[in-house]
Each structure stands twice: as structure tokens, then as C-alpha cells.
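1. need a structure here:
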Amino acid sequence: MTNDRSFLRTTRRSLPIALLRARETLMAPIREMLGESGVNEQKWRVLRVLHELGPLELGQLATEACLLQSSLTRMVKPLEGEGLVTRHTPPEDRRKTVLAITEAGVALILRHSARSADIFARIEAEFGAERVELLLNLLDDLQRLDLRKGGAEP
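-> Predicted coordinates for the structure are as follows:
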């Protein structure tokens, strides 16, 4: 094993680590906000997506909420039990499960909407609204890359 690490970027300039650090910076106040209602960030993402897009099939919801489908599947029963979502199976395809947000789920989103907006306003004030928009656009571009083995070359 060689001690030559010159081919590695320092962790300070590692894109995956930098993205994780930035995520933790952004999520800290959101986790604090959510802690008051007992909803974790994964449930929050599911509720936000359902509130924004309406009822969705589990696979599409998992993709939109940035969750593994198996993780979402484990969350369905607790979300239902808390009265935040409903689940139904379309008669035309009994293999699918569709989730929809309930009035209680919408109420939870609305209860946190002002604080969520305050957090985003603080980010814009401290980081700059133009830089936030630029960052969001750059991250959209980054998401479109196919970096898997055998994927398209840059």
C-alpha cells in the first residue's frame, strides 16, 4: 500500500464532503423546527412533495422525496397512523400504492410554513438571493450528470 495521497483531493475540497457539510448547515435549523412537531426530515420531505404535487405512486414519491423506495415503504404505516397521509390501491393496477396528504398533513405543513420561510429568508440574506439561485441552478445541472460506470462521458 502506498502513502502517496497526491491523487486525492483534500477533504476540504472534496465535492461529496462539501455537499454533506453544506446540507448539515442547512438542515440544522430545519431539524430544530421539525423537532417541535415530532416529524423527522424524511417525513417532512414526503409531506412537502405530496402537498406540492398531489397524490403519487410510491416509486415516484420516493424519487421526488430523495428516499429509497424501501425506506419510504417502511414510513407509510407510521405516516398513516399519525393521520398525515392516506394510502390506496388503484383498481386498474393492484400492484401500485398511491399516497395522498391528509388535512392533518397539510395543517402540519402550514404550521411550519412561516418558520420555514424565515429560515430560507435568513439563508438568502446571509448568502445572497442571487447566489442561492445560482447554487440551485448549478445543483440542477450537477443532478443531470450520469457518473455511473458506463454512463455518458462528460
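
2. Which elements pack onto the helix ranked longest in the chain?
-> Scanning the chain for the helix with the most residues, using DSSP state H, yields helix 103-127. The contact analysis (3 or more C-beta pairs under 8 Å, 6 or more residues apart in numbering; DSSP states H and E) places helix 103-127 against helix 15-35, helix 41-53, helix 129-143. C-betas here are computed from N, CA, C, even on glycine.

3. which of the ones you listed sits most buried?
-> helix 41-53 (a mean of 18; mean count of other C-beta atoms under 10 Å).

4. Tell me the predicted confidence for the nearest residue to residue 112 once chain neighbours are set aside.
-> Nearest non-adjacent residue to residue 112, counting by C-beta to C-beta, 6 or more residues apart in numbering: residue 33, 5.8 Å away. Looking at residue 33, its pLDDT is 93.

5. Now distance to residue 119 too, for the helices and strands packed on helix 103-127, in JSON lines please.
-> Shown next, in JSON lines, are the helices and strands packed on helix 103-127 (distance: least, C-beta to C-beta, whole Å):
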{"stretch": "helix 15-35", "distance to residue 119": "5"}
{"stretch": "helix 41-53", "distance to residue 119": "12"}
{"stretch": "helix 129-143", "distance to residue 119": "12"}
